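Enquirer: Predicted model and sequence follow; I will ask about them next.
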Amino acid sequence: MNASKNDRAGNRGGLRTLIIPFLLTVACLSCRESVREYAATESYPEDPTLSTIAVKKAMILIAHDDDMCTMSGTISKLNRQGWEIQVLSFPLAEERNQAHRRACEAILDQVSFYGFGQETYRNDLTDSTIAHEAIPKADFDKVFNRPLVEAEMIRRVNEFGPTVVFSLDNDIGGYGHPDHVLISQLVRDLAEADSIHPQYIYQSVYTRSMMERIMARHDERMKKWGFEGGGWERAKRIYRVEGMPIPDVQVNIVSEAEAKMAYLGSYNERERKTIGFYIPAFEDYSAKEYFGIFDREFFRVLRPGTSR
């Protein structure tokens with residue numbers, strides 16, 4: 001009799017041991033943000049070009065380390081296929097630079113930085129400057145030390161000799177940051193002038209459904225946190241565009257789910273929160289589940305010297 005009671009007590013204890021973690025898991029799943037509404041509803045042609053290029057060298061030209069997050073699955077995929085890949089961006093605080101190097105270790109070959117920082121390449125920085133606010137392109141020559149950036153970009157790109165350059169778009173730079181627009185515009189201008197010589201420029205973009213929903217989410221959160229909000233709409237007005245350019249191609253990145261999640265997770269906490277504005281709630285999901293939803297990356301493809 002006592003043995004039977006002990007057995008029942010032991011069974012109940014065992015059930016509690018199993019049930020409590022299960023209930024906690026269910027609770028966590030139920031309180032996390034649903035992200036399906038932010039995934040692309042559109043489809044575009046699968047990229048036909050990258051797999052055919054003989055000289056497999058690519059260079060990512062961006063303003064800030066985390067600007068390559070939206071293309072990191074494609075970068076990882078190319079690297080596994082034998083591409084030699086470098087990234088060039090402006091330096092930030094050393095702790096963040098180290099986090100960027102750490103994040104990139106598994107998906108590309110070399111991380112490098114311009115030899116000067118924001119205080120040198122921008123002329124408008126004061127205590128009241130909001131660096132990410134859009135600036136009319138007509139003011140870029142006053143705001144930016146364009147010749148300095150241009151000269152170093154030409155030198156670094158031509159030293160490496162990439163066949164393909166990856167950047168953000170030059171229309172609105174993702175969400176409107178003028179540094180993004182400057183670098184992406186320089187890439188395009190220098191390629192058209194034959195000062196750098198990539199065969200293709202791949203500009204990372206979102207589809208229209210993604211950009212509108214993700215930016216509306218971001219704007220809502222900014223207002224909740226006491227900020228003005230409306231930055232996306234202001235950027236569209238200032239740059240006179242409807243948003244990012246429409247993609248030409250998509251790249252399936254399901255095979256890179258673990259690598260992309262590891263890349264995103266390698267940043268410091270503050271950067272991960274910033275990344276989470278534009279890659280919503282990625283830390284709440286497993287790599288397989290999240291990139292089963294966000295299973296593609298999208299690009300406008302430009303070929304210097306042609307109408308595209």
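Expert: Received, thanks. Numbers count the residues shown, from 1 in each chain.

Enquirer: What ranges does the stretch 101-250 of the chain have for its helices?
Expert: Shown for the stretch 101-250 of the chain, the helices assigned by DSSP state H, counting those that start in this stretch span residues 118-121, 140-143, 146-160, 178-192, 208-224, 231-239.

Enquirer: between those, which one is nearest to Glu269?
Expert: Glu269 sits nearest to helix 208-224 of all the helices of the stretch 101-250 of the chain, at 16.9 Å, using CB to CB. Yep, even glycine has a C-beta here, placed from its N, CA and C like the rest.

Enquirer: Report all helices and strands that that closest one contacts.
Expert: Applying 3 or more CB pairs under 8 Å, 6 or more residues apart in numbering; DSSP states H and E, we find helix 208-224 packed against helix 231-239, helix 269-278.

Enquirer: List the buried residues of the shortest one.
Expert: Going by neighbour count (16 or more other CB atoms under 10 Å), the buried part of helix 231-239 is Gly231, Trp232, Ala235, Lys236, Ile238, Tyr239.

Enquirer: Could you tell me the angle between that helix and helix 208-224?
Expert: Angle between the axes of helix 231-239 and helix 208-224 is 120 degrees (criterion: axes from the mean of the first three to the mean of the last three CA atoms, to 10 degrees).

Enquirer: Against which helices or strands is helix 231-239 packed?
Expert: Judged by 3+ CB pairs under 8 Å, 6+ apart, helix 231-239 is in contact with helix 208-224.

Enquirer: just the angle between the helix it packs on and helix 269-278, please?
Expert: Taking the same axes, to 10 degrees, one finds that helix 208-224 is oriented at 130 degrees with respect to helix 269-278.

Enquirer: okay if I get the buried residues of helix 231-239 as TSV plus distance to Arg36?
Expert: Output for these, formatted as TSV (distance: CB to CB, whole Å):
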residue	distance to Arg36
Gly231	25
Trp232	21
Ala235	26
Lys236	25
Ile238	32
Tyr239	30
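
Enquirer: about what we covered before: nearest to Arg122, out of the helices and strands packed on helix 208-224?
Expert: Across the helices and strands packed on helix 208-224, closest to Arg122 is helix 231-239 (CB to CB), at 16.8 Å.

Enquirer: Now tell me what touches that closest one from outside.
Expert: Residues outside helix 231-239 that contact it (CB atoms under 8 Å, 6 or more residues apart in numbering) are 132-137, 171-172, 175-176, 181, 215-216, 218-219, 222, 242-243.

Enquirer: ok so, going back, with respect to Ala39, which of the buried residues of helix 231-239 is nearest?
Expert: Nearest to Ala39 among the buried residues of helix 231-239, counting by CB to CB, is Trp232 at 18.7 Å.

Enquirer: Roughly how far does the closest one sit from Met153?
Expert: In this view, Trp232 and Met153 are 27 Å apart by CB to CB, to the nearest Å.

Enquirer: Identify the residue spatially nearest to Phe140, adjacent ones excluded.
Expert: Nearest residue to Phe140 in three dimensions, chain neighbours excluded: Leu182, at 6.2 Å (CB to CB, 6 or more residues apart in numbering).

Enquirer: What is the neighbour count of the one you found?
Expert: Per other CB atoms under 10 Å, the neighbour tally for Leu182 reads 23.

Enquirer: Could I get the pLDDT score of it?
Expert: Here the pLDDT value assigned to Leu182 is 97.

Enquirer: Repeat that for Asn11.
Expert: Looking at Asn11, its pLDDT stands at 64.

Enquirer: ditto for Glu119
Expert: Looking at Glu119, its pLDDT reads 84.

Enquirer: So it is in contact with Leu125, correct?
Expert: Yes: with contacts counted by CB atoms under 8 Å, Glu119 reaches Leu125, the gap being 6.4 Å.

Enquirer: Between these two, which is the more surrounded one?
Expert: It is Leu125, of Glu119 and Leu125, that has more neighbours when counted by other CB under 10 Å, with 12 against 8.
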